[in-house]
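>>> Sequence first, then the predicted structure:
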Amino acid sequence: MVNLTEKYRPLLEQIKSEAPLKPKIALILGSGLGDFAEKVNTLKSIPTDSLPSYPKSTVEGHKGYIHFSKYTDKELLIFQGRIHIYEGYPLSDCVLPVLIAKELGCEVVILTNAAGGVNPNFSPGDLMLILDVNSINIKKEITNLLGLATIEERNKLLDFPSSQITGAIREAALSEKIPLKEGTYILTKGPSYESAAEIKMYSNFGIDAVGMSTVHEAIFAMKLGMKVGAISLITNYAAGISSQKLSHQEVIETAEKSKSMFERLIKKTISIL
Ligand code: HPA
């Protein structure tokens, strides 16, 4: 098991010394959803490439910034860009944003992502509240990452999602009149999208949405004792659900069209929390 706090000590020290406020809520923005960071009052933005040993983001739609922001009276830490397994980084690097959030004092993490709709009732542009995650594709890496010793530590991982965060997201959707789907998200490692056969299997196993992030971040945040909630923007039909070929371009385009609805949901959720 890697001691992440040791490995990233210089980075954590630097970011703590630059922090202009004490954020309580961390937000990780998914593919194409990064513009949210411009819709709140930002006091300071740190480019991640100015932080020692921060893994470089290589994906279009993922700017590498950490923002210290305010919305209403809430102090936020916003990650514009995340670190993906398919970029070749070990899981222990991919959870770095969660570690930073914890070290800065955040108690809540809201994870967002772009995902393919596996549930045939989902369409591109839908928002899905994640009620459960399937980590079958990263079991070994998760075990190596967590190194859980006690039953108490293992039980912490069962607290996903936090009923408080889920309640706030549902309430926000209702008051903003945003239709909200709910379901189970599975992580695939990528880098390519899934085959139609893989999606058919996931569908038979009760999966509603598929993407390449979030699950390990959620599990790690729970290990650190944080409250976690997660939302997917369904950007495309998963492979084989429609005859259209998948592309990252489609993911970005759908995110672009749906971002104002996404922003309203997140803002309202933050104000409720
Ligand atoms: N599969 C995996 N990841 C994704 C997808 C998908 O269909 N859409 C957006 N991210």
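Now that the structure is in, tell me what you want to look at. Numbering: from 1, shown residues only.

>>> what pLDDT does residue 60 get?
What the model reports as pLDDT for residue 60 is 65.

>>> now swap in the one 3 residues further on and tell me
Predicted confidence (pLDDT) at residue 63: the value is 69.

>>> just the one 5 residues further on next, same as before
At residue 68 the predicted local distance difference test score is 97.

>>> can you confirm it is in a strand?
Yes - assessed by DSSP: H, G, I helix; E, B strand; the rest coil, residue 68 belongs to a strand.

>>> and the residue nearest to it when sequence neighbours are not counted, what is it in contact with?
Of all residues not flanking residue 68 in the chain, residue 44 sits nearest, at 4.5 Å (Cβ to Cβ, 6 or more residues apart in numbering). All C-beta atoms are positioned from the backbone trio N, CA, C, and that covers glycine. When contacts are counted by Cβ atoms under 8 Å, 6 or more residues apart in numbering, residue 44 touches 18, 19, 20, 67, 68.

>>> Now flag whichever of the residues you listed is closest to residue 199.
residue 67 (34.7 Å; Cβ to Cβ).

>>> Now stretch 195-215: buried residues?
198-200, 202-203, 207-215 (16 or more other Cβ atoms under 10 Å).

>>> all strands of the stretch 51-200 of the chain, in order?
Under the criterion DSSP state E, counting those that start in this stretch, the stretch 51-200 of the chain contains strands at 65-71, 74-80, 108-117, 127-134, 180-187.

>>> Minimum distance to the ligand: which of the ones you listed has it?
strand 108-117 (2.1 Å; Cβ to the nearest ligand atom).

>>> where does the residue nearest to residue 68 land in three-state SS?
Classification of residue 44 by three-state DSSP places it in strand.

>>> I'd like the numbering to begin with 22 instead of 1 from here.
In the new numbering, first residue 22, that becomes residue 65.

>>> For residue 39, see how far away it is.
7 Å (Cβ to Cβ, to the nearest Å).

>>> what are the ranges of the helices in the stretch 172-294 of the chain?
Using DSSP state H, counting those that start in this stretch, the helices found in the stretch 172-294 of the chain span residues 172-177, 184-196, 217-225, 236-244, 269-293.

>>> quick one: is the longest one near the ligand?
Yes - contact between helix 269-293 and the ligand is present through residue 272 (criterion: Cβ under 6 Å from any ligand atom).

>>> so what does that helix touch, helix or strand wise?
The contact analysis (3 or more Cβ pairs under 8 Å, 6 or more residues apart in numbering; DSSP states H and E) places helix 269-293 against strand 46-50, strand 86-92, strand 95-101, strand 129-138, strand 148-155, helix 184-196, strand 248-258.

>>> if we look at it, which residues are touching it?
The list of residues contacting helix 269-293 from outside it, by Cβ under 8 Å, 6+ apart, reads 46, 48, 51-54, 56-57, 60-61, 81-82, 92-93, 95, 97, 131, 133, 135, 145-146, 148, 186, 189-190, 192-194, 196-197, 199, 201, 250, 252, 254-257, 265.

>>> for the third one, same thing?
With Cβ under 8 Å, 6+ apart as the contact definition, helix 217-225 has outside contacts at 137, 139, 140, 141, 207, 209, 215, 231, 259, 260, 261, 262.

>>> Could you identify the most distant pair in these?
Of all pairs in the contacts of helix 217-225, the most separated under Cβ to Cβ is 141 and 209 at 18.7 Å.

>>> Only the C-alpha atoms, please, for stretch 149-164, written as CSV.
The C-alpha atoms that make up stretch 149-164 are tabulated as CSV, following Å, rounded to 0.1, in the frame of the first residue of the first chain:
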residue,chain,number,x,y,z
MET,A,149,-28.5,10.3,-13.4
LEU,A,150,-28.0,10.3,-9.6
ILE,A,151,-25.6,7.5,-8.9
LEU,A,152,-27.1,5.2,-6.2
ASP,A,153,-24.6,2.4,-6.4
VAL,A,154,-21.2,1.7,-8.1
ASN,A,155,-19.8,-1.4,-9.6
SER,A,156,-16.1,-1.8,-9.0
ILE,A,157,-15.6,-5.3,-10.4
ASN,A,158,-13.1,-4.0,-13.1
ILE,A,159,-10.8,-2.5,-10.5
LYS,A,160,-11.1,-4.8,-7.5
LYS,A,161,-7.4,-5.7,-7.3
GLU,A,162,-6.2,-2.1,-7.6
ILE,A,163,-8.8,-0.9,-5.0
THR,A,164,-7.6,-3.6,-2.6
